[in-house]
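Participant: model this:
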Amino acid sequence: MNPSLITAVNAPISPSPRSPLLCHFLTPSPLRLSQSQSPSRRRYRVSFPRCAATSSEQPLVSTKKSDVHGNKKELTGLQPIVEKMTPPVRLATSAVVLAATLASGYGLGLRLAGSRNIALGAAAVAGAAGGAVVYAMNSAVPEVAAIGLHNYVAEIEDPASVTKDDIEKIASRYGVNKGDEAFQAEICDIYCRYVTSVLPAEGQSLKGDEVEKIVKFKSALGIDDPDAASMHMEIGRRIFRQRLETGEREGDAEQRRAFMRLVYVSALVFGDAASFLLPWKRVLKVTDAQVEIAIRENAKQLYAEKLKLVGRDINVENLVDLRKAQLSFKLSDELAEDLFREHTRTVAIENISSALSVLKSRTRAVKSMSLVVEELEKVLELNNLLVSLKSHSEADQFARGLGPISLIGGDSDFERRMDDLKLLYRAYVADALSTGRIEENKLVAMSQLRNILGLGTREAEAISVDVTSKAYRKRLANAVTSGDLEAQDSKAKYLQKLCEELHFDAQKASAIHEEIYRQKLQQYVTDGELSDDNVAALLRLRVMLCIPQQTIEAAHAEICGSIFEKVVREAISSGVDGYDAETLKSVRKAAHGLRLSRETAMSIASKAARRVFTNYVRRARAAENRTESAKELKKMIAFNTLVVTEMVADIKGESSDKEPEEPVQVKEEDTEDEEWGSLESLKKTRPDKELAEKMGKPGQTEITLKDDLPDRDRIDLYKTYLLYCVTGEVTRIPFGAQITTKRDDSEYLLLNQLGGILGLTSKEIVNIHVGLAEQAFRQQAEVILADGQLTKARVEQLDELQKQVGLPQPQAEKVIKNITTTKMANAIETAVNQGRLNIKQIRELKEANVSLDSMIAVSLREKLFKKTVNDIFSSGTGEFDETEVYETIPSDLSIDVEKAKGVVHDLARSRLSNSLIQSVALLRQRNRKGVVSSLNDLLACDKAVPSEPLSWEVAEELSDLYDIYSKSDPTPAPEKVSRLQYLLGIDDSTATALREMEDGVFSSAAEEGNFVF
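Facilitator: Numbers count the residues shown, from 1 in each chain. The predicted structure is shown next:
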């Protein structure tokens, strides 16, 4: 145990009020103190107090004591005596004490015992005691030197003023080495106390000068980095232990922050060597990530404090200092950039907040707006300064983060206060336009302010357009009022110059002109018509504002048209009975008093009338039966005749009693549809003059439903009323009976008017009548031609039916042909499916001009071809005509030739082997004729697809087949016999022997009574 630490452990300590850590860290532990190399030197812990001592040779100190290192330590035992001795005096005293003890022991022994030997023994004992005293005195020297160093530092007002010379003087005064364990332990204790005092107290943050102070003090003490690092680790260990002992959450958080500050300061003190000098992870289980977080957060805090000192006075010198501070704080460029941007954002927010408070104040005046603009100008000035510094030639030596300011991001809440920022931007734009024009520099400033406030392009543009529009209206009103605009020779140039001065879009200016014209027009038509003075005033306004004619017409159509539409609706809503002279007068007044063009008035009237027509059509569709539907359509016809026709005449300014001109379509109908003149229903829609006069004036045909209803719906409505005209009105009576009432020909005249309302052309009407006539004729003809046979009696019956329906002869013949063709096609298809139709009959039908392509499907024709080829391969003749099979038959059946060849080849391959098997089977049944027929089929298949020699298990059976075929009656052709010999694999000698045999296979077998298999 090192005795130099005895008094240090028990010494009273006065804790420093600056640091809460002193009360825990002032008791040093033996750090890097090894046991003495001398085995005879032992150290003991003693409990006697140490007395304070002073010396005239001690360096002068301030009378004011520092509380960093506590009170002075007192010297105890031999320490006060040793402290007063210089090294030479101490050496002489040691020699004198040793000599005196030896002499006194020798003299005392000699005097008492009178023997020389006893005297020498007594001298040895007394010398040992004197040596012990000398040893105790010399061993206390390092401890006394340590106490002297402590007392010297404790009396200094500023411990940082201690220099290396002071330490060396104290060491030389006591004659000790700085590397002595006790003296070095005291130096470490002083360093530990100083580091603890420099670190901020509870609730405080780093000031930034801690590292510099610690490094300077460490250099003054001359302490090595490993010894200093052990002190830092000891402080960290005690913080960690105190954190574990703390039971409160707040205390635990404060100890954690204190530890993070220690880690950060230690890392800066030792630099790159901190990674191996400070084993936080191994000793305190602190991860590298936590160390990085401690360094990062404290570096950010110090850099933020540095930025606060800069404020808004940003210059080159400040930026260089900030860069140096960033590097000294070990702060990354990314974090430094974020902190600098946040600082500039905070500075800008101060001005923005001031401007908003002025803008929202209740006592806002003109001067207040100037204050708002002044605050915004400060923000723009700062923004321009940062942008210019970013492009500085020495920008790489400046603090990171230079660039434009943006309020978006960071901790500000302006992202949620976008409406307030819009108000500021509007105020600045309004101030820029306060003189009636805008300068180029203001445009640049507006763009910069938009980016600073974080407004979108569309949002800023909308605000600019709104403010500029008001300024443009004000200047335009002044120009009109003063007469300057009207006096200009080129009003367009004047307006263009006005837009250029305000940097206002010409199209938006045109929109303002149109709005002004519309407002003036709306004012003039309040009484329902335009006077000549109103028209002249509007013309003058149009000329001054250079409004196009198309825009004028659109404005009149919308504003005057809405008034006219209201009049038309009231007239139409009055119904058939309410359209009197007063209503007629109001329509005519509105049509001509509002100065609407005929096309515009007709368009409005058409829209209202078609809406009513659509309601009638909707009710007609929803009717329960044809009669009710026809009644709704008849109401629509009456409405058109009595209301719409009168309204159209009023709009045109014509008399409703005037005979309307015959439409040109009538002549076209007479010339184009003469062939359908025999249709009775179509004739009745064109009544004679007497019936037309009886029915009265016809309805108008300019307003139709052609564009409101699909073609199919219009045709169905016309067909519904046509059937009503043909069949009459059906009335149901009790007991399930019904009475049909025939209508006169006047219904057909209404039908003609219905066609005009529906917008049907003459061709479409003719097609409807023809289609209905064809339908009636077809239904009756299908009954007459139920079996598809056309006899003379049936022909006469069909002619009579044709006359009744009024269908032309060519059309009737076409219907009859379609019916008979359909019946025949069904019969042919049935015959093909049942296998009752062959190729011969097909050819007979083609000769009779029957179109088989339309009657028989392709699949059925292919099926018929396959059946025909199969019949050829199973005919037993052995013949195969390639031209017939590959060309003629496919042509007759209208099928693909290549596909037909594929069918033949596939069928021949399958039939070839089957024919051989069938021949052997018939041979075993002794059916000579069947064997010859099967072999002929085999030869036919071979002609279609030439085959290799066939194999069979019993060779004798193949010989028998050849023998039977070669001797068959009639005798087969030699080429067939030769081909069969090749296919059956019979050599020439065997074939010759078989032909020379007198008896056949079946006769010899009968004699033997056994058939050879």
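Participant: Residue 755 and residue 761, how far apart?
Facilitator: Residue 755 sits 9 Å away from residue 761, going by Cβ to Cβ, to the nearest Å. Just so you know, the C-beta spots here come from the backbone N, C-alpha and C atoms, and that holds for glycine as well.
Participant: The two - which one has more neighbours?
Facilitator: Neighbour count, other Cβ atoms under 10 Å: between residue 755 and residue 761, residue 755 has more, with 23 against 13.
Participant: would that one count as being in a helix?
Facilitator: Yes. Checked against DSSP: H, G, I helix; E, B strand; the rest coil, residue 755 lies within a helix.
Participant: which SSE is the residue lying closest to it once chain neighbours are set aside in?
Facilitator: Using Cβ to Cβ, 6 or more residues apart in numbering and skipping residues adjacent in sequence, the residue nearest residue 755 is residue 765, 5.2 Å away. Following DSSP states H and E, one finds residue 765 within helix 762-784.
Participant: From residue 124, how far out is the spatially most central residue of the chain?
Facilitator: Nearest residue to the geometric centre of the chain (Cα atoms, centre = their mean): residue 456, 20.1 Å. Residue 456 sits 105 Å away from residue 124, taking Cβ to Cβ as the criterion.
Participant: need the strands for the stretch 601-750 of the chain, in chain order.
Facilitator: Assigned by DSSP state E, counting those that start in this stretch, the strands in the stretch 601-750 of the chain fall at 729-732, 738-741.
Participant: where's the residue nearest to residue 755 relative to residue 985, distance?
Facilitator: 82 Å.
Participant: Which one's more surrounded, those two?
Facilitator: residue 765 (24 against 16).
Participant: ok, the more buried one to residue 753 distance?
Facilitator: Noted for residue 765: a distance of 12 Å to residue 753, by Cβ to Cβ.
Participant: cool, residue 977 as well?
Facilitator: 91 Å.
Participant: So for those two, which sits in the more crowded spot?
Facilitator: Using other Cβ under 10 Å, the more surrounded residue of residue 977 and residue 753 is residue 753, with 22 against 19.
Participant: surely that one meets residue 639?
Facilitator: No. The criterion here is Cβ atoms under 8 Å, and residue 753 misses it with residue 639 at 11.1 Å.
Participant: how's the chain carved up into domains?
Facilitator: The chain is divided into the following domains under the TED database: 78-308, 320-401+410-545, 597-655+675-760, 761-836, 862-996.
Participant: Where among those domains is average confidence lowest?
Facilitator: Mean pLDDT is lowest for domain 761-836 out of the domains of the chain, coming in at a mean of 72.
Participant: quick one, what contacts residue 901?
Facilitator: residue 886 (Cβ atoms under 8 Å, 6 or more residues apart in numbering).
Participant: I'd assumed it was in a helix, is it?
Facilitator: Yes. Under three-state DSSP, residue 901 falls within a helix.
Participant: ok, so what distance separates it from residue 573?
Facilitator: 79 Å.
Participant: same deal with residue 968?
Facilitator: 104 Å.
Participant: With neighbour numbers in mind, choose between the two.
Facilitator: residue 968 (18 against 10).
Participant: which residues touch the more buried one?
Facilitator: Neighbours of residue 968 in contact, by Cβ under 8 Å, 6+ apart: 928, 932.
Participant: Is it located within a helix, as I assumed?
Facilitator: No. Counting by three-state DSSP, residue 968 is located in no helix; its state is coil.
Participant: change the start of the numbering to 91 and stick with it
Facilitator: Sure, I'll start numbering at 91, so the last one becomes residue 1058.
Participant: Which phi and psi values does it adopt?
Facilitator: Phi and psi for residue 1058, reported as degrees, to the nearest 10, are phi -80, psi 160.
Participant: how close does it sit to residue 937?
Facilitator: Residue 1058 is 38 Å from residue 937, by Cβ to Cβ.
Participant: Over to residue 657?
Facilitator: Taken as Cβ to Cβ, the span from residue 657 to residue 937 is 77 Å.
Participant: Equivalent analysis for residue 886, please.
Facilitator: Distance from residue 886 to residue 937, by Cβ to Cβ: 29 Å.
Participant: Repeat that for residue 852.
Facilitator: Taking Cβ to Cβ as the measure, residue 852 and residue 937 are separated by 44 Å.
Participant: what's the neighbour count on residue 339?
Facilitator: Residue 339 - counted by other Cβ under 10 Å - has 8 other residues nearby.
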